[in-house]
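Q: no FASTA, just this:
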């Protein structure tokens, strides 16, 4: 009997150690997810820059010679107290060049959004609504998804943008909005992740192979997970 208090203290110490390790792992997971999101943003930016630089519309940009840029450098401008009109023209030309680049980026980004991210008007009459009430205390989705389960809400979201690759964080944002607390975000992300895995098993959508937590509606050979034969 005298050994019981010592055993209990040992077990409690072990429990506290695992609690601390769990908290540390959760912090690391949050950090890793933030890094993934940052890398996704950088990759998207480089793709957009590549598209803008390869666009035919760039062919009308003014061609400025290397000598002209050298003449407009601060070191050379300091040689004279008054810059010549030719140097002023070069500076204006450089500003115009910068503005035209910005305009092309805006056009390209608008084109990308309209081609891939624009919602389509699709028939969702075959997607069933929930029959009963939701569990008390559950986080509510946005108004347009109130009458659907999480699985069917994801299906509606993907049908409206069938060519888009959806990251799980974007799905959570599109279904629940931007006003979730950290605890709510953690809870709904877990639920959405389970439904995404279930949808892959049922062949409702597919996992993108070279992305972590990325899914899309249609099968793409070599891009998405194995094609599932729907019964």
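A: Cool, got the structure. None of these values were measured; they are calculated from a predicted model. Numbers count the residues shown, from 1 in each chain.
Q: so what's residue 201 up against?
A: Counting by C-beta atoms under 8 Å, 6 or more residues apart in numbering, residue 201 makes contact with residue 228. For every residue, glycine as well, the C-beta is placed using N, CA and C.
Q: What is the lengthiest helix in the chain packed up against?
A: For the chain, the longest helix by residue count, based on DSSP state H, is helix 4-53. In terms of contacts (3 or more C-beta pairs under 8 Å, 6 or more residues apart in numbering; DSSP states H and E), helix 4-53 is packed against helix 85-112.
Q: contact partners of the helix or strand that the helix it packs on is followed by?
A: Later in the chain than helix 85-112, the nearest helix or strand by DSSP states H and E is helix 150-160. Helix 150-160 has contacts (C-beta under 8 Å, 6+ apart) with 119-120, 122, 124, 127-129, 141, 145, 148, 164, 166, 171, 174-175, 191-192, 195-196, 198-199, 204-205, 215-217.
Q: Now helix 150-160: buried residues?
A: Within helix 150-160, the residues scored as buried using 16 or more other C-beta atoms under 10 Å are 150-155, 157-160.
Q: Closest one to residue 30 out of the residues you listed, please.
A: residue 150 (22.1 Å; C-beta to C-beta).
Q: now that closest one: how far from residue 194?
A: Remark: distance between residue 150 and residue 194 (C-beta to C-beta, to the nearest Å) = 8 Å.
Q: The protein - how does it break down into domains?
A: Taking automatic domain parsing as the domain assignment, the ranges for the chain are 1-54, 57-117, 123-231.
Q: Lowest average pLDDT across these?
A: Among the domains of the chain, domain 57-117 carries the lowest mean pLDDT, at a mean of 47.
Q: Between the two ends of stretch 130-149, how far is it?
A: In stretch 130-149, first residue to last residue: 6 Å (C-alpha to C-alpha, to the nearest Å).
Q: buried sites along that stretch?
A: Buried residues in stretch 130-149 (16+ other C-beta under 10 Å): 141, 145, 148-149.
Q: Against residue 10, how distant is residue 194?
A: For residue 194, the distance to residue 10 - C-beta to C-beta - is 36 Å.
Q: and if you look at residue 17?
A: For residue 17, the distance to residue 10 - C-beta to C-beta - is 11 Å.
Q: Tell me, how many residues neighbour residue 212?
A: Residues near residue 212, counting by other C-beta atoms under 10 Å, number 13.
Q: show me what contacts it?
A: Counted by C-beta under 8 Å, 6+ apart, residue 212 has contacts residue 36.
Q: Could you do residue 4 as well?
A: By C-beta under 8 Å, 6+ apart, residue 4 has no neighbours at all.
Q: what's the answer for residue 207, then?
A: Each residue near residue 207 by C-beta under 8 Å, 6+ apart is listed here: 200, 214-215, 224-225.
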